[in-house]
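Student: Kindly generate the corresponding structure for this input.
(one chain, ligands or ions: 1)
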Amino acid sequence: MEVIIQKDARSAAVLVAKLIVKELTAKPALVLGLATGRTMESVYGELIRLYEDEGLDFSLCRTFNLDEYVGLAPDDPHSYRHFMNVHLFDHINIDKRNTHVPNGLAGNLDRECADYERAIAECGGIDLQLLGIGTDGHIGFNEPLSALRSRTREKALTPATIIQNSKYFDSPDQMPKRGITMGVGTILESRSCILLATGADKASIVAKAVEGPITAMVSASALQLHPHCRIVVDEAAASRLQGTDYYRWIFQNEPEWAEFR
Ligand code: PGA
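Tutor: Numbering: from 1, shown residues only. The predicted structure follows:
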């Protein structure tokens, strides 16, 4: 695991976009795992800018989103499929048939989850998985006590997640109480991953996930088991970390980061 600290949320998002561009340029048919949430909006904004200004090409890219609400139709303005269309897919040259978000209206959710895992495998697995983190430590909708080897499945949301996300709904009652999510085990199988966290409200959970014990109580702590995981944070989200001198030294001195400094 490497922790990269950037001065503010904007710089952190731009760095994540650059890391994606590097992989997409090296492999145009990249299998990209995507995340939703406020934090990702600026990453997607930067990718759109790079498509418009520099011709970044998504035509062969395949994507798999982490999660979706159970019970919301793809065209529901609160669905994650809608979020992805509005914040990214509608603005770049991606073939929508190559974009995958679990179907929250599937009649048989178990089958939907198994099919989602199969679709990822048929694409050869996820090359690069983007992740946010919830204030309860979730990645995707892997809420506390999600099994560290879990696969894509239906999951009950925690009160913390319901509070965090209900602000996007007209009334908290409209907020779905269940989601479909890739499992922690699914995420750990990605060839590389990047977790982006910004803002002071993420500082405490980032410290637990990065420097605390691996525990199913903090799903993101399982990323300590991932062979190629980068945690990108701004100063505010890094403020509770202990090892910041070392993390900054790595970014300033390791050759792999030279092109991003
Ligand atoms: P946020 O969500 O970017 O809106 O904070 C992140 C998450 O819950 O995974």
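Student: Around the ligand, which positions in this protein sit nearby?
Tutor: On the criterion C-beta under 6 Å from any ligand atom, the ligand has as its neighbours in the chain the residues 37-39, 132-134. For the C-beta atoms, the positions are set from N, CA and C on the backbone; glycine is no exception.
Student: Most neighbours out of those residues, which is it?
Tutor: When those are compared by neighbour count (other C-beta atoms under 10 Å), I133 ends up highest, at 26 neighbours.
Student: Could you check the pLDDT of that one?
Tutor: The confidence metric pLDDT takes the value 98 at I133.
Student: what's the answer for L225, then?
Tutor: In the prediction, the pLDDT value recorded for L225 is 98.
Student: That one and the ligand: what is the separation?
Tutor: Computed as C-beta to the nearest ligand atom, to the nearest Å, the L225 to the ligand distance reads 19 Å.
Student: Nearest spatial neighbour of that residue, chain-adjacent residues omitted?
Tutor: Nearest residue to L225 in three dimensions, chain neighbours excluded: L188, at 6.1 Å (C-beta to C-beta, 6 or more residues apart in numbering).
Student: count of residues packed around that neighbour?
Tutor: 19.
Student: residue contacts, it?
Tutor: The neighbourhood of L188, defined by C-beta atoms under 8 Å, 6 or more residues apart in numbering, consists of 148, 222-223, 225-226.
Student: Over to Y51?
Tutor: For Y51, the set of contacting residues under the criterion of C-beta under 8 Å, 6+ apart consists of 57-58, 91-93.
Student: now do H91
Tutor: H91 makes contact with 48, 51-52, according to C-beta under 8 Å, 6+ apart.
Student: thinking again about what came up before, just the buried ones from the contacts of L188?
Tutor: Neighbour-count burial (16 or more other C-beta atoms under 10 Å) applied to these gives 148, 222-223, 226.
Student: between those, which is nearest N85?
Tutor: Top of the list for closeness to N85, among the buried ones among the contacts of L188 and by C-beta to C-beta, is L223 at 28.0 Å.
Student: Tell me the spacing between the residue nearest to L225 and the ligand.
Tutor: Distance, L188 to the ligand, by C-beta to the nearest ligand atom: 17 Å.
Student: How about the contacts made by the closest residue to the ligand within the stretch 1-150 of the chain?
Tutor: Scanning the stretch 1-150 of the chain for proximity to the ligand using C-beta to the nearest ligand atom identifies G37 as nearest, at 2.8 Å. When contacts are counted by C-beta under 8 Å, 6+ apart, G37 touches G132.
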